[in-house]
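>>> any chance you can model this:
(one chain, ligands or ions: 1)
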Amino acid sequence: MDFLKDELMYLKKHNLYRQIKWLDGPQAARTIVDGKPCILLSSNNYLGLTEHPEIKASARKAVAKWGTGAGGSRLTTGNLRLFEKLENAIARFKKTEAAIIFNNGYMANLGVITALTGKKDVVISDELNHASIIDACRLSRAEKKIYRHKDMVNLEKILQQTQEYRRRLIVTDGVFSMDGDIAPLPEIIAIAQKYDALVMVDDAHATGVLGKRGAGTAEYFNLEGRMLIQMGTLSKALGSAGAYVAGQRELIDYLRNKARSFIFSTALPPAAIGAAIAAIRIIEQNPEILEKLRANARYLRSGLQKQGYRLLAQESPIIPILIGDNQKTMQITQALLERGVFAPGIRPPTVPPNTSRIRVTVMATHTKDDLDLALHAFNQVGKEMGLIY
Ligand SMILES: Cc1ncc(COP(=O)(O)O)c(C=O)c1O
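The predicted structure is shown next:
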(Lines give C-alpha, C1' and ligand atoms only; values in the text may rest on other atoms or scores of the structure.)
Protein backbone atom coordinates (compact mmCIF):
# COMPACT_ATOMS: atom_id res chain seq x y z
CA MET A 1 0.00 0.00 0.00
CA ASP A 2 3.01 2.28 -0.48
CA PHE A 3 1.16 4.06 -3.29
CA LEU A 4 -1.16 5.65 -0.70
CA LYS A 5 1.76 7.37 0.99
CA ASP A 6 3.17 8.43 -2.39
CA GLU A 7 -0.14 9.83 -3.58
CA LEU A 8 -0.65 11.77 -0.34
CA MET A 9 2.93 13.11 -0.55
CA TYR A 10 2.22 14.26 -4.11
CA LEU A 11 -0.92 16.11 -3.00
CA LYS A 12 0.95 17.79 -0.13
CA LYS A 13 3.85 18.80 -2.37
CA HIS A 14 1.48 20.46 -4.86
CA ASN A 15 -0.69 22.15 -2.23
CA LEU A 16 -3.61 19.96 -3.21
CA TYR A 17 -3.91 18.04 0.07
CA ARG A 18 -7.34 18.50 1.64
CA GLN A 19 -8.15 18.75 5.32
CA ILE A 20 -11.73 19.01 6.46
CA LYS A 21 -12.57 21.89 8.77
CA TRP A 22 -14.75 21.11 11.78
CA LEU A 23 -17.81 23.20 12.47
CA ASP A 24 -18.99 23.18 16.08
CA GLY A 25 -22.22 24.93 15.27
CA PRO A 26 -24.93 25.13 12.62
CA GLN A 27 -24.75 26.64 9.13
CA ALA A 28 -25.54 30.05 10.60
CA ALA A 29 -24.18 33.51 9.71
CA ARG A 30 -21.91 33.20 12.75
CA THR A 31 -20.65 29.79 13.74
CA ILE A 32 -17.56 28.00 15.09
CA VAL A 33 -14.97 26.82 12.56
CA ASP A 34 -11.96 24.84 13.82
CA GLY A 35 -12.76 26.05 17.33
CA LYS A 36 -12.92 29.73 16.32
CA PRO A 37 -16.02 31.98 16.22
CA CYS A 38 -16.42 32.94 12.56
CA ILE A 39 -18.60 34.73 10.06
CA LEU A 40 -19.54 31.94 7.68
CA LEU A 41 -19.03 32.87 4.02
CA SER A 42 -18.87 29.35 2.68
CA SER A 43 -22.31 27.85 2.93
CA ASN A 44 -24.79 26.93 0.19
CA ASN A 45 -27.52 27.48 2.78
CA TYR A 46 -28.28 30.64 0.79
CA LEU A 47 -31.65 31.46 2.36
CA GLY A 48 -30.53 30.47 5.86
CA LEU A 49 -33.33 27.91 6.03
CA THR A 50 -31.39 25.24 7.96
CA GLU A 51 -32.08 27.41 11.01
CA HIS A 52 -35.70 28.28 10.26
CA PRO A 53 -37.95 27.32 13.23
CA GLU A 54 -40.90 26.19 11.06
CA ILE A 55 -38.64 23.97 8.96
CA LYS A 56 -37.05 22.40 12.02
CA ALA A 57 -40.54 21.83 13.44
CA SER A 58 -41.68 20.21 10.20
CA ALA A 59 -38.67 17.84 10.29
CA ARG A 60 -39.51 16.91 13.89
CA LYS A 61 -43.17 16.36 12.99
CA ALA A 62 -42.16 14.05 10.13
CA VAL A 63 -39.99 11.99 12.50
CA ALA A 64 -42.82 11.77 15.02
CA LYS A 65 -45.27 10.48 12.41
CA TRP A 66 -43.06 8.50 10.02
CA GLY A 67 -40.00 7.54 12.09
CA THR A 68 -36.30 8.08 11.46
CA GLY A 69 -35.76 5.99 8.34
CA ALA A 70 -37.56 5.08 5.11
CA GLY A 71 -36.69 1.41 5.52
CA GLY A 72 -36.07 0.63 1.86
CA SER A 73 -36.09 1.75 -1.73
CA ARG A 74 -39.22 3.58 -2.91
CA LEU A 75 -39.95 0.66 -5.27
CA THR A 76 -39.91 -1.91 -2.47
CA THR A 77 -40.98 -0.83 1.02
CA GLY A 78 -39.83 2.76 1.43
CA ASN A 79 -42.52 4.66 -0.46
CA LEU A 80 -43.95 6.72 2.38
CA ARG A 81 -46.94 8.88 1.40
CA LEU A 82 -44.86 11.88 2.52
CA PHE A 83 -42.82 11.67 -0.70
CA GLU A 84 -45.94 12.31 -2.76
CA LYS A 85 -46.57 15.53 -0.87
CA LEU A 86 -43.05 16.76 -1.61
CA GLU A 87 -43.13 15.69 -5.26
CA ASN A 88 -46.43 17.52 -5.75
CA ALA A 89 -45.05 20.62 -4.01
CA ILE A 90 -41.98 20.61 -6.27
CA ALA A 91 -44.02 20.16 -9.46
CA ARG A 92 -46.23 23.09 -8.42
CA PHE A 93 -43.22 25.27 -7.47
CA LYS A 94 -41.42 24.46 -10.74
CA LYS A 95 -44.64 24.62 -12.81
CA THR A 96 -43.99 21.20 -14.34
CA GLU A 97 -46.31 18.21 -14.80
CA ALA A 98 -44.47 16.04 -12.29
CA ALA A 99 -41.36 15.59 -10.15
CA ILE A 100 -39.35 12.76 -8.61
CA ILE A 101 -37.10 12.82 -5.53
CA PHE A 102 -33.56 11.43 -5.50
CA ASN A 103 -31.32 10.97 -2.47
CA ASN A 104 -28.94 13.77 -3.45
CA GLY A 105 -27.88 15.83 -6.42
CA TYR A 106 -24.98 13.55 -7.26
CA MET A 107 -27.31 10.57 -7.52
CA ALA A 108 -29.93 12.54 -9.45
CA ASN A 109 -27.38 13.45 -12.12
CA LEU A 110 -26.13 9.84 -12.27
CA GLY A 111 -29.69 8.55 -12.43
CA VAL A 112 -30.98 10.87 -15.15
CA ILE A 113 -27.98 10.84 -17.46
CA THR A 114 -27.45 7.07 -17.31
CA ALA A 115 -31.17 6.43 -17.80
CA LEU A 116 -31.43 8.70 -20.83
CA THR A 117 -28.19 7.89 -22.63
CA GLY A 118 -26.11 4.85 -23.53
CA LYS A 119 -23.55 3.64 -26.05
CA LYS A 120 -25.43 4.97 -29.10
CA ASP A 121 -25.83 8.47 -27.64
CA VAL A 122 -23.81 11.58 -26.90
CA VAL A 123 -23.85 13.88 -23.89
CA ILE A 124 -22.79 17.43 -24.67
CA SER A 125 -21.59 19.15 -21.52
CA ASP A 126 -20.34 22.65 -20.56
CA GLU A 127 -16.67 22.48 -19.55
CA LEU A 128 -17.43 23.93 -16.09
CA ASN A 129 -20.27 21.54 -15.22
CA HIS A 130 -20.31 19.90 -11.81
CA ALA A 131 -18.25 16.75 -11.18
CA SER A 132 -21.42 14.66 -10.74
CA ILE A 133 -22.37 15.42 -14.36
CA ILE A 134 -18.90 14.41 -15.54
CA ASP A 135 -19.11 11.16 -13.55
CA ALA A 136 -22.61 10.49 -14.89
CA CYS A 137 -21.32 10.83 -18.46
CA ARG A 138 -18.58 8.29 -17.72
CA LEU A 139 -21.04 5.84 -16.18
CA SER A 140 -23.54 6.17 -19.03
CA ARG A 141 -20.97 4.94 -21.59
CA ALA A 142 -22.32 7.56 -23.97
CA GLU A 143 -19.87 9.57 -26.05
CA LYS A 144 -18.96 12.76 -24.19
CA LYS A 145 -18.36 16.11 -25.91
CA ILE A 146 -17.34 19.19 -23.97
CA TYR A 147 -18.16 22.69 -25.19
CA ARG A 148 -16.26 25.76 -24.06
CA HIS A 149 -17.90 27.50 -21.12
CA LYS A 150 -21.16 29.10 -22.30
CA ASP A 151 -19.81 29.21 -25.86
CA MET A 152 -22.86 28.85 -28.10
CA VAL A 153 -20.87 28.82 -31.34
CA ASN A 154 -18.88 25.88 -30.03
CA LEU A 155 -22.07 24.14 -28.84
CA GLU A 156 -23.69 24.51 -32.26
CA LYS A 157 -20.57 23.20 -33.98
CA ILE A 158 -20.65 20.07 -31.81
CA LEU A 159 -24.33 19.55 -32.66
CA GLN A 160 -23.51 19.81 -36.36
CA GLN A 161 -20.80 17.17 -35.93
CA THR A 162 -22.86 14.67 -33.93
CA GLN A 163 -25.88 14.14 -36.19
CA GLU A 164 -25.32 10.38 -36.44
CA TYR A 165 -26.01 9.66 -32.76
CA ARG A 166 -29.33 8.19 -31.65
CA ARG A 167 -29.93 10.74 -28.87
CA ARG A 168 -28.15 13.93 -27.95
CA LEU A 169 -28.39 15.38 -24.45
CA ILE A 170 -27.08 18.87 -23.71
CA VAL A 171 -26.36 19.32 -20.00
CA THR A 172 -25.53 22.54 -18.18
CA ASP A 173 -25.38 23.86 -14.65
CA GLY A 174 -27.99 26.63 -14.25
CA VAL A 175 -25.79 28.62 -11.85
CA PHE A 176 -22.20 27.37 -12.11
CA SER A 177 -21.26 26.15 -8.66
CA MET A 178 -17.70 27.46 -8.46
CA ASP A 179 -18.09 30.49 -10.75
CA GLY A 180 -21.50 31.87 -9.81
CA ASP A 181 -22.47 32.79 -13.37
CA ILE A 182 -25.65 31.75 -15.17
CA ALA A 183 -25.99 29.47 -18.21
CA PRO A 184 -27.49 31.08 -21.35
CA LEU A 185 -30.48 28.75 -21.25
CA PRO A 186 -32.65 30.49 -23.90
CA GLU A 187 -29.84 30.19 -26.45
CA ILE A 188 -29.13 26.57 -25.46
CA ILE A 189 -32.80 25.65 -25.90
CA ALA A 190 -32.99 27.42 -29.28
CA ILE A 191 -29.92 25.54 -30.57
CA ALA A 192 -31.21 22.26 -29.13
CA GLN A 193 -34.53 22.68 -30.94
CA LYS A 194 -32.76 23.34 -34.22
CA TYR A 195 -30.81 20.06 -33.89
CA ASP A 196 -33.45 18.01 -32.10
CA ALA A 197 -31.43 17.56 -28.89
CA LEU A 198 -32.61 17.20 -25.29
CA VAL A 199 -31.68 19.81 -22.67
CA MET A 200 -31.03 19.18 -18.99
CA VAL A 201 -30.32 21.96 -16.50
CA ASP A 202 -28.75 21.35 -13.08
CA ASP A 203 -30.41 23.86 -10.75
CA ALA A 204 -28.50 22.83 -7.62
CA HIS A 205 -27.48 26.46 -7.00
CA ALA A 206 -30.45 28.09 -8.74
CA THR A 207 -33.27 26.47 -6.74
CA GLY A 208 -34.54 29.00 -4.20
CA VAL A 209 -32.13 31.56 -5.67
CA LEU A 210 -32.90 32.47 -9.31
CA GLY A 211 -36.14 33.78 -10.76
CA LYS A 212 -38.93 35.91 -9.34
CA ARG A 213 -40.12 33.22 -6.91
CA GLY A 214 -36.78 31.42 -6.63
CA ALA A 215 -38.00 28.57 -8.84
CA GLY A 216 -34.72 28.42 -10.75
CA THR A 217 -33.11 29.07 -14.11
CA ALA A 218 -36.23 28.37 -16.21
CA GLU A 219 -38.21 30.94 -14.22
CA TYR A 220 -35.34 33.45 -14.42
CA PHE A 221 -35.49 33.31 -18.22
CA ASN A 222 -39.30 32.90 -18.47
CA LEU A 223 -38.86 29.43 -19.92
CA GLU A 224 -41.34 27.63 -17.72
CA GLY A 225 -43.40 25.11 -19.63
CA ARG A 226 -40.63 24.47 -22.15
CA MET A 227 -39.40 20.95 -22.89
CA LEU A 228 -36.68 20.79 -20.32
CA ILE A 229 -35.26 18.30 -17.84
CA GLN A 230 -34.81 20.23 -14.62
CA MET A 231 -32.74 18.76 -11.82
CA GLY A 232 -32.17 20.60 -8.55
CA THR A 233 -31.16 19.97 -4.96
CA LEU A 234 -33.02 20.21 -1.67
CA SER A 235 -29.70 20.50 0.15
CA LYS A 236 -28.64 24.04 -0.65
CA ALA A 237 -31.10 26.96 -0.52
CA LEU A 238 -33.84 24.59 0.70
CA GLY A 239 -31.80 23.72 3.79
CA SER A 240 -32.51 19.98 3.77
CA ALA A 241 -31.02 17.02 1.85
CA GLY A 242 -31.90 15.30 -1.39
CA ALA A 243 -32.64 16.32 -4.95
CA TYR A 244 -35.44 16.43 -7.48
CA VAL A 245 -36.00 16.09 -11.19
CA ALA A 246 -38.98 18.01 -12.57
CA GLY A 247 -40.47 17.84 -16.03
CA GLN A 248 -43.03 16.07 -18.19
CA ARG A 249 -45.09 13.28 -16.60
CA GLU A 250 -43.64 10.68 -19.02
CA LEU A 251 -40.07 11.67 -18.18
CA ILE A 252 -40.73 11.22 -14.46
CA ASP A 253 -42.47 7.88 -15.04
CA TYR A 254 -39.51 6.77 -17.16
CA LEU A 255 -36.99 7.77 -14.46
CA ARG A 256 -38.98 5.92 -11.80
CA ASN A 257 -38.52 2.80 -13.94
CA LYS A 258 -35.03 3.32 -15.31
CA ALA A 259 -32.89 5.51 -13.03
CA ARG A 260 -30.68 3.04 -11.17
CA SER A 261 -29.70 5.47 -8.41
CA PHE A 262 -33.43 5.85 -7.65
CA ILE A 263 -34.21 2.14 -7.86
CA PHE A 264 -31.28 0.67 -5.95
CA SER A 265 -30.99 2.92 -2.91
CA THR A 266 -32.92 3.40 0.31
CA ALA A 267 -35.17 6.45 0.16
CA LEU A 268 -34.41 9.64 2.10
CA PRO A 269 -35.33 9.75 5.79
CA PRO A 270 -38.67 11.43 6.67
CA ALA A 271 -36.95 14.33 8.50
CA ALA A 272 -35.32 15.48 5.22
CA ILE A 273 -38.65 15.26 3.38
CA GLY A 274 -40.52 17.11 6.14
CA ALA A 275 -37.91 19.88 6.11
CA ALA A 276 -38.01 20.24 2.31
CA ILE A 277 -41.83 20.44 2.22
CA ALA A 278 -41.76 23.27 4.76
CA ALA A 279 -38.86 24.99 2.95
CA ILE A 280 -40.85 25.24 -0.29
CA ARG A 281 -43.81 26.66 1.61
CA ILE A 282 -41.61 29.22 3.39
CA ILE A 283 -40.02 30.31 0.10
CA GLU A 284 -43.42 30.68 -1.58
CA GLN A 285 -44.96 32.60 1.32
CA ASN A 286 -41.99 34.82 2.26
CA PRO A 287 -40.47 36.44 -0.83
CA GLU A 288 -38.65 38.91 1.43
CA ILE A 289 -36.11 36.19 2.36
CA LEU A 290 -34.96 35.99 -1.27
CA GLU A 291 -34.95 39.79 -1.50
CA LYS A 292 -32.67 39.90 1.55
CA LEU A 293 -30.32 37.36 -0.03
CA ARG A 294 -30.09 39.50 -3.18
CA ALA A 295 -29.53 42.69 -1.18
CA ASN A 296 -26.78 41.00 0.84
CA ALA A 297 -25.10 39.68 -2.31
CA ARG A 298 -25.17 43.18 -3.85
CA TYR A 299 -23.75 44.73 -0.68
CA LEU A 300 -20.88 42.28 -0.29
CA ARG A 301 -20.02 42.30 -3.99
CA SER A 302 -19.92 46.07 -4.23
CA GLY A 303 -17.93 46.31 -0.96
CA LEU A 304 -15.28 43.91 -2.29
CA GLN A 305 -15.17 45.72 -5.65
CA LYS A 306 -14.73 49.11 -3.97
CA GLN A 307 -11.72 47.66 -2.16
CA GLY A 308 -10.23 46.73 -5.52
CA TYR A 309 -11.06 43.01 -5.67
CA ARG A 310 -11.82 41.67 -9.12
CA LEU A 311 -14.69 39.22 -8.93
CA LEU A 312 -15.37 36.40 -11.37
CA ALA A 313 -19.15 36.79 -11.57
CA GLN A 314 -21.86 39.27 -10.61
CA GLU A 315 -24.97 37.19 -10.93
CA SER A 316 -25.66 35.09 -7.84
CA PRO A 317 -24.82 34.68 -4.14
CA ILE A 318 -21.64 32.87 -5.22
CA ILE A 319 -18.86 35.48 -5.31
CA PRO A 320 -15.55 33.93 -6.41
CA ILE A 321 -12.23 35.80 -6.17
CA LEU A 322 -9.75 34.33 -8.63
CA ILE A 323 -6.26 33.80 -7.17
CA GLY A 324 -4.64 31.18 -9.44
CA ASP A 325 -1.91 29.72 -7.24
CA ASN A 326 -2.95 26.83 -4.95
CA GLN A 327 -0.67 27.69 -2.05
CA LYS A 328 -1.54 31.38 -2.03
CA THR A 329 -5.25 30.56 -2.14
CA MET A 330 -4.98 28.45 1.00
CA GLN A 331 -2.85 31.10 2.73
CA ILE A 332 -5.56 33.68 2.09
CA THR A 333 -8.25 31.35 3.49
CA GLN A 334 -6.10 30.83 6.59
CA ALA A 335 -5.43 34.57 7.03
CA LEU A 336 -9.17 35.29 6.78
CA LEU A 337 -9.92 32.52 9.28
CA GLU A 338 -7.49 34.08 11.74
CA ARG A 339 -9.55 37.28 11.44
CA GLY A 340 -12.83 35.46 12.06
CA VAL A 341 -14.05 34.91 8.49
CA PHE A 342 -14.41 31.52 6.85
CA ALA A 343 -14.24 31.76 3.04
CA PRO A 344 -12.88 28.52 1.57
CA GLY A 345 -10.09 28.17 -0.96
CA ILE A 346 -11.15 26.03 -3.92
CA ARG A 347 -8.46 24.16 -5.84
CA PRO A 348 -8.20 21.59 -8.65
CA PRO A 349 -9.77 19.20 -9.42
CA THR A 350 -12.84 21.12 -8.25
CA VAL A 351 -11.78 23.94 -10.60
CA PRO A 352 -9.43 23.84 -13.63
CA PRO A 353 -5.65 24.07 -13.04
CA ASN A 354 -4.32 27.58 -12.27
CA THR A 355 -7.78 28.91 -11.40
CA SER A 356 -7.78 28.35 -7.65
CA ARG A 357 -10.04 30.81 -5.94
CA ILE A 358 -11.70 32.00 -2.77
CA ARG A 359 -15.36 31.02 -3.09
CA VAL A 360 -17.34 33.51 -1.04
CA THR A 361 -21.03 32.79 -0.56
CA VAL A 362 -23.53 35.03 1.11
CA MET A 363 -26.72 34.10 2.98
CA ALA A 364 -30.00 35.91 3.64
CA THR A 365 -29.29 35.62 7.37
CA HIS A 366 -26.10 37.71 7.33
CA THR A 367 -26.63 41.08 8.97
CA LYS A 368 -25.04 44.31 7.74
CA ASP A 369 -22.69 44.07 10.75
CA ASP A 370 -21.60 40.56 9.69
CA LEU A 371 -20.87 41.76 6.17
CA ASP A 372 -19.05 44.91 7.36
CA LEU A 373 -16.83 42.83 9.65
CA ALA A 374 -16.12 40.42 6.80
CA LEU A 375 -15.29 43.32 4.46
CA HIS A 376 -12.88 44.73 7.06
CA ALA A 377 -11.07 41.35 7.22
CA PHE A 378 -10.93 41.16 3.39
CA ASN A 379 -9.45 44.64 3.27
CA GLN A 380 -6.69 43.79 5.77
CA VAL A 381 -5.85 40.41 4.24
CA GLY A 382 -6.01 41.75 0.68
CA LYS A 383 -3.46 44.47 1.48
CA GLU A 384 -1.15 42.13 3.41
CA MET A 385 -1.16 39.56 0.62
CA GLY A 386 -0.82 42.06 -2.22
CA LEU A 387 -4.26 41.35 -3.71
CA ILE A 388 -5.47 44.96 -3.43
CA TYR A 389 -3.62 48.23 -2.86
C1 LIG B 1 -24.08 21.94 -9.68
C2 LIG B 1 -24.19 20.82 -8.68
N3 LIG B 1 -24.82 19.70 -9.03
C4 LIG B 1 -24.95 18.67 -8.18
C5 LIG B 1 -24.44 18.74 -6.91
C6 LIG B 1 -24.60 17.56 -6.01
O7 LIG B 1 -25.64 17.78 -5.09
P8 LIG B 1 -25.64 17.02 -3.69
O9 LIG B 1 -24.72 17.79 -2.79
O10 LIG B 1 -27.06 17.06 -3.23
O11 LIG B 1 -25.16 15.64 -3.94
C12 LIG B 1 -23.79 19.92 -6.49
C13 LIG B 1 -23.25 20.11 -5.15
O14 LIG B 1 -22.87 19.42 -4.38
C15 LIG B 1 -23.65 20.98 -7.40
O16 LIG B 1 -22.99 22.07 -7.05
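>>> report pLDDT for the residue in the chain that the ligand sits nearest to.
Closest approach between the chain and the ligand, counting by CB to the nearest ligand atom: Gly105, at 2.2 Å. Yep, even glycine has a C-beta here, placed from its N, CA and C like the rest. For Gly105, the model assigns a pLDDT of 98.
>>> once you drop chain neighbours, what's closest to Trp66?
Pro270 (3.7 Å; CB to CB, 6 or more residues apart in numbering).
>>> longest helix of this structure?
When the chain is parsed with DSSP state H, its longest helix is helix 287-306.
>>> identify the residues contacting that helix?
Applying CB atoms under 8 Å, 6 or more residues apart in numbering, the contact partners of helix 287-306 are 46-49, 208-209, 213-214, 282-283, 311, 314, 316-317, 319, 321, 360, 362-364, 366, 368, 371-372, 374-375, 378.
>>> mark which of these are buried, thanks.
Burial by neighbour count, judged by 16 or more other CB atoms under 10 Å, picks out 46-49, 208-209, 214, 282-283, 311, 316-317, 319, 321, 360, 362-364, 366, 371, 374-375, 378 from the contacts of helix 287-306.
>>> return the residues of the chain in contact with the ligand.
Near the ligand, the residues belonging to the chain are 104-106, 109, 130, 132, 173, 177, 202, 204-205, 233, 235, 243 when assessed by CB under 6 Å from any ligand atom.
>>> thinking again about what came up before, okay, and which of the buried ones among the contacts of helix 287-306 map to helices?
Short answer: the buried ones among the contacts of helix 287-306 in helices (DSSP H) are 282-283, 371, 374-375, 378.
>>> now, among these, which is nearest to Gln160?
The nearest member of those to Gln160, counting by CB to CB, is Ile283 at 40.6 Å.
>>> check the gap between the closest one and Met178 for me.
24 Å (CB to CB, to the nearest Å).
>>> which residue ranges form the helices in the stretch 1-150 of the chain?
Shown for the stretch 1-150 of the chain, the helices assigned by DSSP state H, counting those that start in this stretch span residues 2-13, 53-66, 81-94, 105-116, 131-140.
>>> so what's the residue count around the residue nearest to Trp66?
The tally of other residues near Pro270 (other CB atoms under 10 Å) stands at 22.
>>> do the same with Arg281
The number of residues near Arg281, taken as other CB under 10 Å, comes to 15.
>>> how about Val33?
20.
>>> again with the one 5 residues further on
Cys38 is surrounded by 25 other residues when neighbours are defined as other CB under 10 Å.
>>> who's the residue nearest to it when sequence neighbours are not counted bridged to?
By the measure of CB to CB, 6+ apart, the closest residue to Cys38 outside its immediate chain neighbours is Phe342, 4.5 Å from it. The partner list for Phe342 in beta bridges (DSSP bridges) reads Leu40.
>>> what does the one 4 residues further on give?
For Ile346, the beta-bridge partners are Arg357 (DSSP bridges).
>>> beta partners of the closest residue to Asn129 other than its chain neighbours?
Of all residues not flanking Asn129 in the chain, Asp173 sits nearest, at 5.4 Å (CB to CB, 6+ apart). As for beta bridges, Asp173 partners with Asp202 under DSSP bridges.
>>> how many residues are close by Asp173?
Neighbours of Asp173 under the rule other CB under 10 Å: 25.
>>> also Asn379?
Neighbours of Asn379 using other CB under 10 Å come to 17.
>>> surely it and Tyr309 touch.
No: applying CB atoms under 8 Å as the test, Asn379 and Tyr309 come out as separate, 9.4 Å apart.
>>> what comes up buried for stretch 19-30?
23, 27-30.
>>> so Ala204 sits right up against Gly232, yeah?
Yes: counting by CB under 8 Å, Gly232 is a contact partner of Ala204 at 6.1 Å.
>>> next, show the common contact partners of the two.
105, 174, 243.
>>> most neighbours of all these, which one?
Using other CB under 10 Å as the neighbour test, the shared contacts of Ala204 and Gly232 are led by Ala243, with 31 neighbours.
>>> skipping adjacent residues, who's closest to that residue in space?
Ala108 (3.9 Å).
>>> for Asp253, same thing?
Ala98 is the one closest to Asp253 (CB to CB, 6+ apart), at 7.7 Å.
>>> that neighbour: neighbour count?
20.
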